[in-house]
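Participant: Model the structure of this input:
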Amino acid sequence: MSRQEPLPPLPDEAYDFNKLPSAFTSHAEKQSTRIVEGPNGTNVFYAIGTAEDMRVIGYPYWHEYGERPQDWNPFLEYPGATIELVTREGLNAAGQKTYCDLGLPQYFFENIELAKNRNSPVLIIIDRRALQINTFKDIIRKYYENSHPHVGLVTGGGADISDKVLAEMCEFEFPRGEEHHIWEAPRDRSSYTRSVTEVVRGIRQKLPRIGTPVIEVSPRRKPGLHTQFGI
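Facilitator: Reported below is the predicted structural model:
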């Protein structure tokens with residue numbers, strides 16, 4: 001017979017079971033603590049393959065990629081300059097204060113909606129080669145079904161994928177003309193960081209018009225503070 005521990009005693013006062021945490025907390029509730037708030041933070045999604053992803057699709061230089069999408073180094077003349085590092089250089093130059101990596105692609109659309117509700121920019125960093133991976137190809141196709149004015153896109157590399165091939169893969173007319181979307185592969189590291197800076201600054205200027213307007217009340221006229229009551 002197995003040994004059984006006695007049950008703990010019940011508390012003297014009734015416990016409010018409404019305060020118990022749910023075992024089924026949604027991803028949105030968990031992620032909402034990570035999505036940055038306001039126009040001075042940036043949520044970044046890396047549409048980039050890992051080394052294993054690129055090996056599977058037959059890219060011969062798959063070793064240039066890393067264990068994570070963020071570890072890719074598209075500028076080999078700068079050892080250690082991962083795509084995440086150079087992206088953050090561009091964000092710093094734009095004056096962005098906080099950063100969130102949006103993580104796994106299956107939550108992409110959920111996350112960009114959360115960012116919109118928080119009046120915060122989203123930046124997609126894309127490798128044109130990664131659109132040979134079905135996950136990223138499907139995201140880009142669906143992304144273009146709706147307008148997302150708080151989202152921008154900057155290309156980190158993949159110049160060997162022509163515009164014609166890109167259009168065939170994604171099944172849309174290309175090149176496109178969206179504001180704050182740069183599909184051309186950068187010439188070098190500095191042109192990439194400049195693109196990040198310019199795109200995020202452009203999105204940030206639009207954010208007050210996208211989000212809920214904030215009505216400022218002068219402290220001398222705040223309701224309820226200067227009301228005189230009679231008897």
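
Participant: alpha carbons only for contacts and neighbour counts from here, please
Facilitator: OK.

Participant: after the least confident helix or strand in the chain by mean pLDDT, next one along is what?
Facilitator: Using mean pLDDT, DSSP states H and E, the weakest-scoring helix or strand in the chain turns out to be helix 27-31, at a mean of 47. Counting by DSSP states H and E, the next helix or strand C-terminal to helix 27-31 is strand 41-47.

Participant: neighbouring strands for that next one, and are they parallel or not?
Facilitator: According to DSSP bridges, strand 41-47 forms sheet pairs with strand 98-101 (parallel), strand 122-127 (parallel).

Participant: average model confidence for the next helix or strand after the shortest one?
Facilitator: Which is strand 98-101. The element immediately downstream of strand 98-101 (helix or strand, assigned by DSSP H and E) is helix 108-117. Mean per-residue pLDDT for helix 108-117: 93.

Participant: Pull out the buried positions in helix 108-117.
Facilitator: For helix 108-117, the buried set under the neighbour-count rule, 16 or more other Cα atoms under 10 Å, comprises Asn111, Ile112, Glu113, Leu114, Ala115, Lys116.

Participant: which one of these is nearest Asn92?
Facilitator: The shortest approach to Asn92 among these belongs to Ala115, at 19.2 Å (Cα to Cα).

Participant: residues contacting the nearest residue to the closest one once chain neighbours are set aside?
Facilitator: Nearest residue to Ala115 in three dimensions, chain neighbours excluded: Ile35, at 6.2 Å (Cα to Cα, 6 or more residues apart in numbering). By Cα atoms under 8 Å, 6 or more residues apart in numbering, Ile35 lies in contact with Asn43, Cys100, Leu102, Asn111, Leu114, Ala115, Arg118.

Participant: Try it again at 7 Å.
Facilitator: The neighbours of Ile35, taking Cα atoms under 7 Å, 6 or more residues apart in numbering as the test, are Asn43, Cys100, Ala115.

Participant: and if you look at Glu67?
Facilitator: Thr50, Ala51.

Participant: Now distance to Glu173 too, for the contacts of Ile35, in JSON lines please.
Facilitator: Compiled in JSON lines, the contacts of Ile35 are given as follows (distance: Cα to Cα, whole Å):
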{"residue": "Asn43", "distance to Glu173": "27"}
{"residue": "Cys100", "distance to Glu173": "31"}
{"residue": "Ala115", "distance to Glu173": "28"}
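
Participant: where's Leu153, which helix or strand?
Facilitator: Counting by DSSP H and E, Leu153 is part of strand 151-157.

Participant: Sweet, I'm off.
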